[in-house]
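>>> Any chance you could fold what I've pasted below:
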Amino acid sequence: MYMPVYDQVHELPRVLDELARTKLPCDELLLVDNGSTDGSERLVRASGWPHLRVERNRGCGLSNMLALDWALARGFDAFGTMASNGKMLPAEMHRIVEPLARGAADYVTGSRFLAGGESPNLPAFRRSAIPLVNRFARLATGASLTDATCGYRAYTLELVRRAEFDWHAPWLYGYAMEYYLYAKALLAPGLRCIEVPITMRYPANPKRASKIRPGRHWYQMLKPWVVARLDGRGLGPAARGASGDPSSAAEGGR
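This is a model prediction of the structure:
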């Protein structure tokens, strides 16, 4: 599992404590510090988990690329993301990972809106905006999603190894990266993409609810769905003999 960190000094201690108290269902957890300057960088270094440091924040998409490169270089079979802002529960990581481990899916993403999911303190703007993104994603991919914006996700790295598109492109350095890959997975024939119920807990203080802002960030989240649909690039043939077994997932676990 990969966890990006950027100026989360208030939230990160709780997340690290929960991770330490949870039996994580995967082999490794990688922290990527996106140029934090609020003390989060010291917490990352002291966490005991493998970590990378980006000296200047150039977007969570770039840190995602670095984490993917790290996982691919180490031969992992699957990869996932979890936020460091306290919204996602380490105790629910098994919901994301287990469908991959038992071969029931190739791409798994969480949904706070499925039965069994929750979203306490979800801001009103997000409650109204997420269904609009779901409709936008359906127009682009044909997939009926309940929570297209949820970042708690995991997928087989065969998806990335087979990519005929440039997932290192600079336009993906921001929020576009995860949505572009997700759209490509939904568009790929035969790839099994599922949603599972998870909890997204939001702080009571709306000012700390998210670093995503309407405008430029929402554009970064919508553009990749259109590009993925229209750029004519997909996945190449699966490698002969690829097992697809994600039992050594790059997803969390010491």
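>>> give me the element the closest residue to Ala148 other than its chain neighbours is part of.
With sequence-adjacent residues excluded and distances taken as Cβ to Cβ, 6 or more residues apart in numbering, Ala148 is closest to Ala137, at 4.3 Å. For glycine as for every other residue, the C-beta is placed from the backbone atoms N, C-alpha and C. Remark: Ala137 resides in helix 124-141, with elements defined by DSSP states H and E.
>>> List the buried residues for that helix?
Within helix 124-141, the residues that qualify as buried are 126, 130, 133-134, 136-137, 140-141, counting by 16 or more other Cβ atoms under 10 Å.
>>> mind putting the residues you listed in TSV, distance to Asp27 and pLDDT included?
Conversion of the buried residues of helix 124-141 to TSV gives the following (distance: Cβ to Cβ, whole Å; pLDDT from 0 to 100):
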residue	distance to Asp27	pLDDT
Arg126	33	87
Ile130	32	93
Val133	32	94
Asn134	32	96
Phe136	35	95
Ala137	31	97
Ala140	33	97
Thr141	30	97
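>>> Return the member of the residues you listed nearest to Trp171.
Distance to Trp171 across those (Cβ to Cβ) is lowest for Ala140, with 16.7 Å.
>>> ok, now which ones touch the closest one?
By Cβ atoms under 8 Å, 6 or more residues apart in numbering, the residues touching Ala140 are 183, 225-226, 228-229.
>>> same check, this time on Ala105
Shown in contact with Ala105 (Cβ under 8 Å, 6+ apart): 99, 192-194.
>>> what's the closest non-adjacent residue to it?
Leaving aside its sequence neighbours, Ala105 sits nearest to Pro99 (Cβ to Cβ, 6+ apart; 4.1 Å).
>>> Check which helix or strand the one you found maps to.
Using DSSP H and E, the element containing Pro99 is helix 93-101.
>>> Next, name the residue at the spatial heart of the protein.
Nearest to the geometric centre of the chain sits Thr81, at 3.6 Å (Cα atoms, centre = their mean).
>>> JSON lines for the contacts of Ala140, including neighbour count, secondary structure and distance to Gly35?
Converted to JSON lines, these look like this (neighbours: other Cβ atoms under 10 Å; DSSP: H, G, I helix; E, B strand; the rest coil; distance: Cβ to Cβ, whole Å):
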{"residue": "Ala183", "neighbour count": "22", "secondary structure": "helix", "distance to Gly35": "27"}
{"residue": "Trp225", "neighbour count": "24", "secondary structure": "helix", "distance to Gly35": "28"}
{"residue": "Val226", "neighbour count": "13", "secondary structure": "helix", "distance to Gly35": "29"}
{"residue": "Ala228", "neighbour count": "24", "secondary structure": "helix", "distance to Gly35": "28"}
{"residue": "Arg229", "neighbour count": "16", "secondary structure": "helix", "distance to Gly35": "32"}
